[in-house]
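S.K.: Got a predicted structure plus its sequence, pasted below:
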Amino acid sequence: MRCVIARFPFDLTKSGVLESMKGVKPEPVTGESVIIGRRHYPVKQVGQVITRQDRRDFSAGEVLRAMARLGFTCRTGPETAPAPVGGPLQRASALLGSPLSV
């Protein structure tokens, strides 16, 4: 399959990506990831290995689209929940809102 990553065309195949990632130890996943084989790889690591380009040259979205089109399972980063407010007094105060100025 032909795809464009960082303004460069690449002819990628699922077997080619599997071969490229063979023996590559996955880095810790903190955001988007791709499941290749039984391993979860960060998207930027996969993009760097298959394109041989610096991670700053391409976006995670470009690699995610290419991997999804090849049939790999892609996962987005975890949703960040708002930080919980301290104790019960702070929660009640946050629910009531700030006082209006007269």
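M.R.: Yep, it's here.

S.K.: For the closest residue to G31 other than its chain neighbours, list the residues it contacts.
M.R.: Among residues not flanking G31 along the chain, G77 sits closest, at 3.8 Å (CB to CB, 6 or more residues apart in numbering). (Glycine included, C-beta is placed from N, CA and C.) Counting by CB atoms under 8 Å, 6 or more residues apart in numbering, G77 makes contact with T30, G31, E32.

S.K.: what about G77, distance to K25?
M.R.: 21 Å (CB to CB, to the nearest Å).

S.K.: The residue nearest to G31: what secondary structure?
M.R.: Here G77 takes the coil state, with states given by DSSP: H, G, I helix; E, B strand; the rest coil.

S.K.: any low-confidence regions in the protein?
M.R.: Along the chain, segments meeting pLDDT under 70 span 78-85, 98-102.

S.K.: now the helices for this structure?
M.R.: Assignment of helices within the chain using DSSP state H yields the ranges 14-21, 43-51, 60-70, 88-96.

S.K.: ranking these by burial, who's on top?
M.R.: Highest mean neighbour count among these (mean count of other CB atoms under 10 Å): helix 43-51, with a mean of 21.

S.K.: got the angle between that one and helix 60-70?
M.R.: 70 degrees (axes from the mean of the first three to the mean of the last three CA atoms, to 10 degrees).

S.K.: Same list, the helices of the chain, but as TSV with distance to A6 please.
M.R.: Below are the helices of the chain laid out as TSV (distance: least, CB to CB, whole Å):
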stretch	distance to A6
helix 14-21	16
helix 43-51	7
helix 60-70	7
helix 88-96	44
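
S.K.: So which of those helices is nearest G37?
M.R.: Nearest to G37 among the helices of the chain is helix 14-21; the distance by CB to CB comes to 6.8 Å.

S.K.: which residues are in contact with the closest one?
M.R.: Residues contacting helix 14-21 (CB under 8 Å, 6+ apart): I36, G37, R39, Y41, V46, V49, I50, M67, L70, G71, F72.
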